[in-house]
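Enquirer: Sequence and predicted structure, then a few things I'm wondering about:
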Amino acid sequence: MPAATPRAQSAPRSWSIRSIRPLASRIWHEHRLFLLVLIPGLLLRVDAELGYRWQVWFNDSFDYIQNTVKFQLDPTRVSGYSIWLKILQPFHTYAVITILQHLMGLAVAIMVYALARHRFGAPAWLATLAAVPVLYDGFEIQLEHLIMADIPFLFVLTLALVLLLWDRAEPSLVRSAVIGLLLGIGALLRSVGLPLLAVFAVYMIIRRVSWRQVAAMIVVCVLPVVGYAGWFDLQHGQFAMTDSTGVFLYSRVMTFADCSRMKLPADELALCTTVPPDQRPIAQAYIWTPASPLNRFPPPKFAPLPNTLAKDFAIKAIEAQPLDYAKAVWHDTWMSFGFSRHTFPNAPTYNEYLFLKHPLPIAVYNKAHLGRYNSYAAAYIQGNPYTKVVEPFAGVMRAYERHVYLPGTIYGLILLLGLVGMGMAWRRVGGEALLPWGISAAMIVIPAATAEFDYRYVLPAVPFAGLAVAMAFAPGTPGGFWVRRLAAGMRRPRGSVPVAPVVPGAPGDPGAPGASAGSGDDERNLAADGA
């Protein structure tokens, strides 16, 4: 009896080890390619942390930090990120923030790969390739190291998409509500998040998801937005999410607006300019420079009155000059696809997207007398807020970012390839790839239509475009069918008799209506084939 006791105690431990080892072996066998690609992406992020301790600054970062310390909502931009920073403030270090953001970037890559493999049976090489941009783009890694809202926004949006598409069956009521909650959180992180609710809703309607699930998603998404607007009303006297929507739209139209073609009330005439359109500066100059007509109104610039007047002015300009507005939107959207990066909108702002030898110092407007601390950035961590540059790690990231990034032209080709794949699935309105492709396109068009192009807005759109391609050309899709036919034709020995291609949807096509069970349309078989 005494000898039996040790064996009984050690049995669970040996069983656990035996169970983990086969699992690890299976994961390595099935996902070896992705893991080999993932590890260098992780090491690059470790190098960024060690080289730039523990954050880099963007000019908007100081507003987020100030609003966090004062715990107030910003009238210029939604402040969901400040709420997130408030949750992390007890750690009193920026390292926690940037480490979590780097992990979010890695998690996005994992979710893209996992969805493409699990749900759509994409080959390992294709699913891995879809995740490569978010893993290796130097500007993506730098964005993760900034105190900015873009990466948390990308994370919750990707998670919402994965939850919706993970199963072939339509989402349950509870899962639809969770998706709506994630979209609501995304709307509090970046303003573009709220219009994306329409992309999700339209997709679900096209896929004939039950109206209860669609309604649950919309209602739960709107709840945090309404709560935030109520809080904003208490602080700023207006039931809204910001006091800047009209101001930014005004800046958009001022690159072409001709007041002689508009019927304006007297209180909006001050927003006009006599500068000819071909001599006007970029859109954001009509917000931030002293020459902006908005400065003719009493400060602050982001307040209910100027915001309302600017919005009404912008709407009249769009109605009077719809073609000029479309041209401006197209111009800024097209800038997303330039092969080389240009210094835009100006050198100081562009440099804030780079790992620099001398990072951005604490902004003057962030200075304050807060007990022992002379800035909000210092008060947040109760210490030194300046970035510490440590070599040789920092030098590695500077050289890496300068040479390794996804050119905009390649992103455009990825979007085009996804569109071609969806076009092959026209009978199913593009198939499931329609959702990530629509998200990616919307994320570059909406800023161009409501404010202005920015390189920072393009990076979160890229993973969705890559996922759309993986889905559009996965087994069981018309795109995947033609890829396999092309590959078979390339492998066919010279002189062999070619097999007549089967047109998707035509008689003889396994994916055609009425095809027998076990045909190429059976996603269970195709998933195994793709694996």
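Expert: Cool, the structure landed.
Enquirer: correct me, but residue 181 touches residue 220?
Expert: Yes: when contacts are counted by C-beta atoms under 8 Å, residue 181 is listed as touching residue 220 (5.1 Å). The way it works is simple: take the backbone N, C-alpha and C, and place the C-beta from them, glycine included.
Enquirer: Mean pLDDT per helix and strand in the protein: which one sits at the bottom?
Expert: Ranking every helix and strand in the chain by mean pLDDT, DSSP states H and E puts helix 523-530 at the bottom, with a mean of 36.
Enquirer: How far off centre is whichever strand or helix holds residue 412?
Expert: Element membership of residue 412, judged by DSSP states H and E, is helix 408-424. Remark: helix 408-424 is offset 17 Å from the chain centroid, using C-alpha atoms, centre = their mean, to the nearest Å.
Enquirer: Export that helix to CSV, keeping only CA atoms.
Expert: Taking C-alpha atoms only, helix 408-424 is exported to CSV below (Å, rounded to 0.1, in the frame of the first residue of the first chain):
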residue,chain,number,x,y,z
GLY,A,408,1.1,50.5,-51.8
THR,A,409,1.1,49.1,-55.4
ILE,A,410,1.4,45.6,-54.0
TYR,A,411,-1.5,46.3,-51.7
GLY,A,412,-3.5,47.5,-54.7
LEU,A,413,-2.7,44.3,-56.6
ILE,A,414,-3.8,42.2,-53.6
LEU,A,415,-7.1,44.1,-53.6
LEU,A,416,-7.4,43.6,-57.3
LEU,A,417,-6.7,39.9,-57.1
GLY,A,418,-9.3,39.5,-54.4
LEU,A,419,-11.8,41.3,-56.6
VAL,A,420,-11.0,38.9,-59.4
GLY,A,421,-11.5,35.9,-57.2
MET,A,422,-14.9,37.3,-56.0
GLY,A,423,-15.9,38.0,-59.6
MET,A,424,-15.5,34.3,-60.3
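Enquirer: That one: what's the following helix or strand?
Expert: Counting by DSSP H and E, the element after helix 408-424 in chain order, helix or strand, is helix 434-450.
Enquirer: So for that following helix, mean pLDDT?
Expert: Predicted confidence along helix 434-450 averages 97 (mean pLDDT).
Enquirer: Going by contacts, tell me the helices and strands next to it.
Expert: Judged by 3 or more C-beta pairs under 8 Å, 6 or more residues apart in numbering; DSSP states H and E, the packing partners of helix 434-450 are helix 150-165, helix 193-206, helix 245-253, helix 322-334, helix 408-424, helix 455-458, helix 462-472.
Enquirer: tell me the most buried of those?
Expert: Looking across the helices and strands packed on helix 434-450 with neighbours counted as mean count of other C-beta atoms under 10 Å, the highest average goes to helix 462-472: a mean of 29.
Enquirer: and the closest residue in space to residue 192 that isn't next to it in sequence, how many neighbours?
Expert: By the measure of C-beta to C-beta, 6 or more residues apart in numbering, the closest residue to residue 192 outside its immediate chain neighbours is residue 446, 5.1 Å from it. Close neighbours of residue 446, defined as other C-beta atoms under 10 Å, add up to 20.
Enquirer: Distance-wise, check residue 446 relative to residue 329.
Expert: 10 Å (C-beta to C-beta, to the nearest Å).
Enquirer: angle of the strand or helix carrying residue 214 against helix 193-206?
Expert: Using DSSP H and E, residue 214 maps to helix 211-236. Relative orientation of helix 211-236 and helix 193-206, computed by axes from the mean of the first three to the mean of the last three C-alpha atoms, to 10 degrees: 170 degrees.
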